[in-house]
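Student: show me how the following folds:
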Amino acid sequence: MSLKDRLKGMIRATGPIPVSAYMTHCLHDPLDGYYATRPGLGADFTTAPETSQIFGELIGLWAAQEWLVLGRPDELSLVEIGPGRGVMMADAMRATARVPGFHPAKQLQLVEASRALQSVQADRLGRFDPVFRNALTDVPMGQTIVLANEYLDCLPARQFVKDSGEWRERVVGLDQAGELAFGLAVDRAPQDIAETGAGTVEVQPGLETLVDELKARADEGDAFRALFIDYGPDTVAPGDSLRAYQAGQQVSPLAAPGLSDLTVDVDFGRLERLAQSAGLKVDGPVTQSGFLGALGMQQRLDTLIKAQPDRAEAIFKGANKLVDPAEMGERFKVICLSSQGLPRASGFG
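Tutor: Just a heads-up that it's a prediction; the model follows:
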């Protein structure tokens, strides 16, 4: 039985489910969830590390620089949440191979619940002895650097719609033909929904969980940096941003449960406020183009082109996509959450 059929059966039996629950089933169902069984990285979407090696190289050098800021600890948990096919970390490890002491100090920790992706990551990163974790909370306490590219956008979102002056949660139910359809919950939503002037508000509960997990590390007295790169606004809350991608094309989020990637825009403003309220240090958000530029992207691009002149056009096109305002440059944002007492993180001015 397909995931779509199972979802229909569940809804017939117990009623409509929130959008966040629908996203969770579609992405993480152990039998048919998108990430759990058939990750389409490179087919359904292309990430920055897959676009240009410069991305992962600069992120790796950023991590090495912040290790120095932490005092060159002899033991460091280098964590990547949602490593995909391991491309970013492979590029990061290559770029940092000559940083004295960094590789011996780091213990590579990959937070990845998908067995399918763990297998791909193990093949690419096996020589670095990665330890696989199901969640950030499974990573031992201690000095830590966390990296996460296009992870936050996969955190399930609740959607609230203003209907006749009252907020109601958007749900997934069945239409008269028995097919999946969006609707609104009968009961009013909680009254603490922020008034944004928009007719729809999107909230990712996972952002609060993430901040709580980082705060727990800070409360232990462990110094850390946590770098998040994703797409979304930095000054206004997202409205209805739920999208689905299959075979490189945007499709209806209800069309192919488990067979398409579901994603939402990240509310960087809310993440910043949550982190500040938790007593964490916040750098950013800044645009991806500004961040990579500050890390020396142009110099690395010039070096690559000089070393491989026969591939100059392809190298330039890939790198340009990372910073072009019409591509990833402005839409993608970068934010760093840290324990208190550390200076401003590299790349943030």
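Student: please make it C-alpha for all contacts and neighbour counts, starting now.
Tutor: OK.
Student: got the buried residues for the helix or strand hosting L125?
Tutor: According to DSSP states H and E, L125 maps onto helix 115-125. Neighbour-count burial for helix 115-125 flags 117-118, 121-122, 125 (criterion: 16 or more other CA atoms under 10 Å).
Student: residues making contact with it?
Tutor: 35-39, 83-87, 89-90, 112, 130, 132 (CA atoms under 8 Å, 6 or more residues apart in numbering).
Student: now do it: distance to the chain's middle.
Tutor: Centroid separation for helix 115-125 versus its chain: 18 Å, with CA atoms, centre = their mean, to the nearest Å.
Student: just the CA coordinates of it, formatted as CSV?
Tutor: Provided in CSV are the C-alpha atoms of helix 115-125 (Å, rounded to 0.1, in the frame of the first residue of the first chain):
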residue,chain,number,x,y,z
ARG,A,115,19.8,4.6,6.5
ALA,A,116,19.8,5.2,2.8
LEU,A,117,21.8,8.4,3.1
GLN,A,118,24.0,7.0,5.8
SER,A,119,25.2,4.4,3.3
VAL,A,120,26.1,7.1,0.8
GLN,A,121,27.8,9.3,3.4
ALA,A,122,29.8,6.3,4.7
ASP,A,123,31.2,5.6,1.2
ARG,A,124,32.3,9.2,0.6
LEU,A,125,33.5,10.0,4.1
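Student: returning to what we had before: return the member of the buried residues of helix 115-125 nearest to D267.
Tutor: Taking CA to CA as the measure, D267 sits nearest to L117 out of the buried residues of helix 115-125, at 26.6 Å.
Student: so which of the contacts of helix 115-125 sits lowest on pLDDT?
Tutor: On pLDDT alone, P39 ranks lowest of the contacts of helix 115-125, at 55.
Student: now the strands for the stretch 101-250 of the chain?
Tutor: 106-111, 131-133, 144-149, 158-163, 166-174, 180-188, 200-203, 224-231, 243-246, 249-251 (DSSP state E, counting those that start in this stretch).
Student: for those strands, give me a markdown table that also has distance to V282.
Tutor: Listed next are the strands of the stretch 101-250 of the chain as a markdown table, based on distance: least, CA to CA, whole Å:
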| stretch | distance to V282 |
| --- | --- |
| strand 106-111 | 22 |
| strand 131-133 | 25 |
| strand 144-149 | 14 |
| strand 158-163 | 25 |
| strand 166-174 | 31 |
| strand 180-188 | 34 |
| strand 200-203 | 20 |
| strand 224-231 | 10 |
| strand 243-246 | 29 |
| strand 249-251 | 34 |
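Student: circling back to that earlier point, so which of the buried residues of helix 115-125 sits lowest on pLDDT?
Tutor: Of all these, L117 carries the smallest pLDDT score, 88.
Student: against F132, how distant is that residue?
Tutor: Separation of L117 from F132 (CA to CA, to the nearest Å): 11 Å.
Student: same check on D138?
Tutor: Plainly put, D138 is 9 Å away from F132 if you go by CA to CA.
Student: tell me which of these two has more neighbours.
Tutor: F132 (20 against 11; other CA atoms under 10 Å).
Student: for that one, give the beta-bridge partners.
Tutor: L110 (DSSP bridges).
Student: start to end distance for stretch 162-176?
Tutor: With CA to CA, one end of stretch 162-176 sits 24 Å from the other.
Student: list the buried ones in that stretch?
Tutor: By neighbour count on 16+ other CA under 10 Å, the buried set for stretch 162-176 is 162, 167-174.
Student: what residue ranges in this protein score low on pLDDT?
Tutor: The model of the chain has pLDDT under 70 over residues 38-45, 190-198.
Student: got a list of what T287 touches?
Tutor: Taking CA under 8 Å, 6+ apart, we find T287 in contact with 329-334.
Student: how about the helices in the protein?
Tutor: With DSSP state H, the ranges of helices along the chain come out as 3-14, 19-28, 34-37, 48-51, 53-69, 87-95, 102-105, 115-125, 205-219, 268-277, 288-294, 297-307, 312-323.
Student: quick one: list the elements packing against the second one.
Tutor: Taking 3 or more CA pairs under 8 Å, 6 or more residues apart in numbering; DSSP states H and E as the contact definition, the neighbouring helices and strands of helix 19-28 are helix 34-37, strand 158-163, strand 166-174, strand 261-263.
Student: do the fifth one as well
Tutor: When contacts are defined as 3+ CA pairs under 8 Å, 6+ apart, helix 53-69 packs onto helix 48-51, helix 87-95, strand 144-149, helix 297-307, helix 312-323.
Student: same list, the contacts of T287, but as CSV with distance to R273 and neighbour count please.
Tutor: Below are the contacts of T287 laid out as CSV (distance: CA to CA, whole Å; neighbours: other CA atoms under 10 Å):
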residue, distance to R273, neighbour count
G329, 23, 20
E330, 21, 19
R331, 20, 19
F332, 19, 25
K333, 16, 24
V334, 15, 24
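Student: need these in a markdown table with distance to I54, can you?
Tutor: Output for those, formatted as a markdown table (distance: CA to CA, whole Å):
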| residue | distance to I54 |
| --- | --- |
| G329 | 14 |
| E330 | 17 |
| R331 | 19 |
| F332 | 16 |
| K333 | 17 |
| V334 | 16 |
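Student: since that was my last question, I'll sign off now.
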